[in-house]
Each structure stands twice: as C-alpha cells, then as structure tokens.
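Peer 1: structure, please.
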Amino acid sequence: MNKKLIHLWGIAGQFIFFFIITKRFALPDNLYLYYTILIFLVFLYNIFIRQETSRVITSLVYLISTFGAGLIAGFLTGIPRENFFRLLLDGIISGVMAMMTFYYAKNFLSAEEQIGFDSSVELGITIFGTSTYIILTILPLTIIDGLIVALLFLISSFFVGFVITSALKKSALGLISVVNGDTSRKPLSYTTILQELFKTISERNSRINSSINDVSNVSKEIRTSAEDLSSASEEMNASLEEVSSTVQHIAKGAQEQSEAITAIAKAIDELNNLTSSISSQVKMANVSSRRTTDSAKKGLELSAHLAKILKEIFEQTKIIEDKMAVLREQATEIKKIVDIIQGITEQTDLLALNAAIEAARVGEQGRGFAVVADEIRNLANESQHSSSTVEELISQINKTTQELNNLLNLEREKIDEANLSAGQSEEEFTGIVKAVDLVTDMIGRINEAAGNQLQNTAELVKKVEEVAQVATDTAAATQQVSAAVQQQTASMEEFTSTAQMLSQIVNRLEEAIQALKK
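Peer 2: Numbering: from 1, shown residues only. Model (predicted):
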C-alpha cells in the first residue's frame, strides 16, 4: 500500500486518541488547533524528509510526537499546572495507542518485510496501552492515581508478555525437535494444551517412521527386480540390433541400386524433355528465321523507296534554292529603283523649298504658288517615308532569303547523309537476307536430327523404367523386413527405458526416505 496512506492512518490515530482521552477535562479549543498543526508537520516530515522505513523507529517517532505535540500545544495555550501534568500523562498514553495503531497498520498493510519489536515487547506494549487508555478514559482519576495505575499496568503487562512468550518459545523449540525426529526431547512447557499437541505430533511421527521403513523394504525389492529386467532386456536388445544391422545393410544396397536406376531414368527423361524442347525451339527458330527474311526483304524495299524519295527531295530543294536566288536578284533591282525614287524625292523637296522661298519674296501674288510648293514638299516627304519602308522590307526579305538558303544548305547536307545511310542500309539488309537463308537451312537439318534423337530416347526411357520397377520392388520388400526388425528393436528399447526409469524412481524414493530419516 502507498506509504502516504499508511502515515495518514497514523496521523488520524494520533488526533483521535489524543482528543478522546483529553475531552474528559476542559481544555481550550486552540490547544487542539496547535496540536493538529504540530502532528501534521510530523506527518510531512515522515513523508518527504525522513527516509527511515523501519517500523520500530517510525513507531517511536509517533510515540514521541504524540505527547510532545500535546506538551508544546499546552505551553502555547498557557493551561494551568495541574492540567499540564494531566496533559503530560494523557499525551504519553495516547502516544502509545498511536504508536500501536501505526505499528500494526504498517505490519498488515505494507508488503515489505521489516524487522519489528520483540514478541514479548509487542505483547507488553499492546496490553499496557489498551488497558491503561481505557481506564484513564473511563475513570475520573487524579494525576497521582493515574500515574500509579499506569505504572502498575506497565509492570504487569510486560510481565505477562514475558511469561506467555517465554512459554511459547520453549514449547516451539520442543515441537521443532520432534518434527526433526528427536523424540527423546520433552516439551519445556507447563501448558496442558501444548503438552497434548506435543503428544499428538510424537505419535504421528512414530507412525510416519514405521511407514517409511515399510516403503524402504519394498523399494529394495523393486530395485532388484528392475535390475534383473534391465539386464535381460539389454541382452535381447543387443541381439536384435545385430539382426537389424544386417537387414539394414541389405536394404541399403537394394535402395542404392534402386536410387541409381531411378536417377538414370530421371536423367534420360530429362534428356528426352530437353530433346523435345530443342525440337520445339528449332521449329520456332525456323518460323522466326522465315519471318526475319521477309522483314529483311521488306526493309530492303523500303530502303530503296526511301533513297528515291530523298533524291526527289534533293532535286526539289535545288529548285527552291534557284528560285530564291532569282528572288534575291529581283529584290536587289527593286532596291536600286527605290534608291532612284528616294533621290528624286530629295530633289523635289529641295525644289519645293526654293519655290516657297521665291513665293515668299514675291509676296501676296505668290501665295497660291507657295501653297502648291508646300503640297509638293509634303508629297516628297511621304514618298521618302514610303521609300524607306520599302527599303526596310527589302532588307528583311533579303535577310529571310539568306536564312532560308542556309537552312536549305543544312537540309541538303542531311539529305546527303540520309542517302549515304540508305545505301549502307540496303547493303546491310542484303547481307541479312543471305545470312538468314543460310541459318534457315541449318535449322531444318537440326530439326530433322532432333526428331531422330527424340525417338531413340523414348525407347531407352521405356527400357530403363522396366529395370527400375524391378529394383524398386526388391528394395520395398527389404525395407518391410527392416521395418519389422526396427519396430521390435524399438519395443525392446522402450522396455529397457521403462526398466531404467523404474530404477531411477526407486533411487529417488530411497533418497526421499533417507531425507525423512535425517
């Protein structure tokens, strides 16, 4: 159980016992408040600070803390002297009760094995605490009478505890001697009940010794019989082992012969399967070679057709290149015409400027001429602008034409490479067709040889299977004989094992008997 719960049980016992015994005379209420605070501090000390787990030490702590907390609480409240001495006596008696409560609570509730008080001390404290607490709680005794009663109960309690435990210890030693086989020792006790118990155990022990002697005699007889049985079974087992070894040797030879013939038959069967597989693969290879020949011929035709198409593309590319050369020449001529128009436009603009100057010099009479001169100059500007646009377009056309010419040159190079590859492919396809025709002829010859091999192998497999059947029958008959002998041998071994097991059981029984006699 939890350590905190056990200590909580102890603090509850402290308060209850102290409260009951001190309630018979008037005490201030704040005394119980101080007392509760002090014992709670002791509870916290036991839980969190003190690591001692001994029941004896912890019980003494509860004894001291119970009446010590009462005395300190009395000092703090300032009670009269006569009540203070009464509080001292009541604190001691309630402390003994609190110590007993915690001691036995920890003994029953804790799973730990701990060393406690001596049995006589435990009994004396228990008798003293309970009797004195009851007397002081019920009877209205003075402080002197209370001290006398407490002292008398203390002496008598420890005397009674010593007498009882001493008698029990002496009787227990006598009983232990009887259990160990020493019946000559008498019980060291004057208790009639213990004497009767000793007498009963002695009689039972005598009966057990008599039964042990009877069992010992029977076990010796069983051991003798088991040894004779084990010796006879071992001799019979040795004879059967020799017969079994001879039969197994014969069976092993027949089995090896059967396995060898079976292995030969299996190898021939595998050869037959391999020949069948080769024949099947050859037929498939023949079909595949014919298909390869057809595919190679088709590839040859496609290669020739591709070369023809590439040639036509090459010729068309040449025509396009010629047309583009003519287009470049025409663009050059157009540029020359545009240059002439641009020159005329510049001269017209200059003449229009001069005409405007002359019209301005004439004055009002030349105004109409000036208007005409301005229109001519505007037309000249527009013509110059159009010439520039046309010139830019011609430049772009020349540039595009040059790029197309470069691309056509690259295409021509690729077409040349394709023509070369087509020629090489045509030669390769021609070689493939010749090689495949040769392979097809060889596959036909292999197929014919594989058919003959398959027929011869089938006849050989049939003969070997007949021989293997005879060898298998011989080996099976020998194995049946060997199995019968082995079964008989196993039975004898089991019989021998049973005899040995019986001997071991007798040994253990004798050991147990010797242990009981010690």
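Peer 1: for the rest of this, base every contact and every neighbour count on C-alpha atoms.
Peer 2: OK.
Peer 1: list of residues touching stretch 146-166?
Peer 2: 89, 119-121, 123-125, 127-128, 131-132, 136 (C-alpha atoms under 8 Å, 6 or more residues apart in numbering).
Peer 1: could you dump these into TSV with pLDDT added?
Peer 2: Listed next are these as TSV, based on pLDDT from 0 to 100:
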residue	pLDDT
L89	80
S119	68
S120	71
V121	73
L123	76
G124	78
I125	77
I127	82
F128	80
S131	81
T132	82
L136	78
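Peer 1: closest one of those to L300?
Peer 2: Of all the contacts of stretch 146-166, the one with the least separation from L300 (C-alpha to C-alpha) is S119, at 119.5 Å.
Peer 1: domains in this structure, by residue range?
Peer 2: 3-179, 279-474 (automatic domain parsing).
Peer 1: got a ChimeraX select line for the buried ones in the contacts of stretch 146-166?
Peer 2: Entered in ChimeraX, the line below selects the buried ones among the contacts of stretch 146-166, by 16 or more other C-alpha atoms under 10 Å:
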select :89,120,121,123,124,125,127,128,131,132,136
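Peer 1: for the contacts of stretch 146-166, which one is nearest K23?
Peer 2: L136 (11.4 Å).
Peer 1: so what's that closest one up against?
Peer 2: 21, 146.
Peer 1: so which strand or helix has it?
Peer 2: helix 119-138 (DSSP states H and E).
Peer 1: do L154 as well
Peer 2: With DSSP H and E as the test, L154 turns up in helix 143-179.
Peer 1: let me see the mean pLDDT of that helix.
Peer 2: Average pLDDT, helix 143-179: 73.
Peer 1: mind checking pLDDT for the nearest residue to V42 once chain neighbours are set aside?
Peer 2: Counting by C-alpha to C-alpha, 6 or more residues apart in numbering, S65 is the residue found nearest to V42 once chain neighbours are left out, at 7.0 Å. Listed pLDDT for S65 reads 80.
Peer 1: from what I can see S65 touches F40, true?
Peer 2: No. The pair S65 / F40 is not scored as a contact, 10.1 Å apart, by C-alpha atoms under 8 Å.
Peer 1: the two: who's more crowded?
Peer 2: S65 (24 against 17; other C-alpha atoms under 10 Å).
Peer 1: quick one: contacts for that one?
Peer 2: Per C-alpha under 8 Å, 6+ apart, neighbours of S65: 39, 42, 95.
Peer 1: just the buried ones from these?
Peer 2: Looks like these have 39, 42, 95 buried, using 16+ other C-alpha under 10 Å.
Peer 1: picking that back up, tell me which element the residue nearest to V42 falls in.
Peer 2: Counting by DSSP H and E, S65 is part of helix 55-77.
Peer 1: list the buried residues for the helix or strand following that helix?
Peer 2: Where DSSP H and E defines the elements, the next helix or strand beyond helix 55-77 is helix 81-109. Buried residues in helix 81-109, counted by 16+ other C-alpha under 10 Å: 83-84, 86-103, 106-107.
Peer 1: same question, stretch 364-376
Peer 2: Buried, per 16+ other C-alpha under 10 Å, within stretch 364-376: 366, 369-370, 373-374, 376.
Peer 1: can I get the domains of the chain in CSV including distance to Q504?
Peer 2: Listed next are the domains of the chain as CSV, based on distance: least, C-alpha to C-alpha, whole Å:
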stretch, distance to Q504
domain 3-179, 28
domain 279-474, 45
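Peer 1: looking at those domains, which one is packed in the most?
Peer 2: domain 3-179 (a mean of 17; mean count of other C-alpha atoms under 10 Å).
Peer 1: any idea whether R24 is helix, strand or coil?
Peer 2: coil (DSSP: H, G, I helix; E, B strand; the rest coil).
Peer 1: quick one on the thing from earlier: tell me the one of the buried residues of stretch 364-376 nearest L327?
Peer 2: L327 has its nearest neighbour among those in I376, at 34.2 Å by C-alpha to C-alpha.
Peer 1: if we ignore the residues flanking it in sequence, what's nearest that closest one?
Peer 2: A352 (6.2 Å).
Peer 1: do I20 as well
Peer 2: T137 (7.4 Å).
Peer 1: so what's that neighbour up against?
Peer 2: 20-21, 24.
Peer 1: same thing with E411?
Peer 2: Per C-alpha under 8 Å, 6+ apart, neighbours of E411: none.
Peer 1: was I right to think G129 contacts A98?
Peer 2: No. G129 is beyond contact range of A98, at 9.4 Å (criterion: C-alpha under 8 Å).
Peer 1: go through the buried residues of stretch 364-376 and flag which are in strands.
Peer 2: Counting by DSSP state E, these place none of their members in strands.
Peer 1: CSV for the residues you listed, including pLDDT?
Peer 2: Output for the buried residues of stretch 364-376, formatted as CSV (pLDDT from 0 to 100):
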residue, pLDDT
G366, 70
F369, 70
A370, 74
A373, 76
D374, 81
I376, 80
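Peer 1: so F43 is in which element?
Peer 2: helix 29-44.
Peer 1: need the contact partners of that helix.
Peer 2: By C-alpha under 8 Å, 6+ apart, helix 29-44 touches 7-8, 11, 14-15, 19, 65-66, 69-70, 72-74, 76-77.
Peer 1: identify the farthest-apart pair in these.
Peer 2: H7 and T77 (27.1 Å).
Peer 1: what pLDDT, on average, does the strand or helix carrying R291 get?
Peer 2: Using DSSP H and E, R291 sits in helix 192-362. On average, the pLDDT along helix 192-362 is 70.
Peer 1: can we start the residue count at 54 from this point?
Peer 2: Got it, the first residue is 54 from now on, which makes the last one we talked about helix 245-415.
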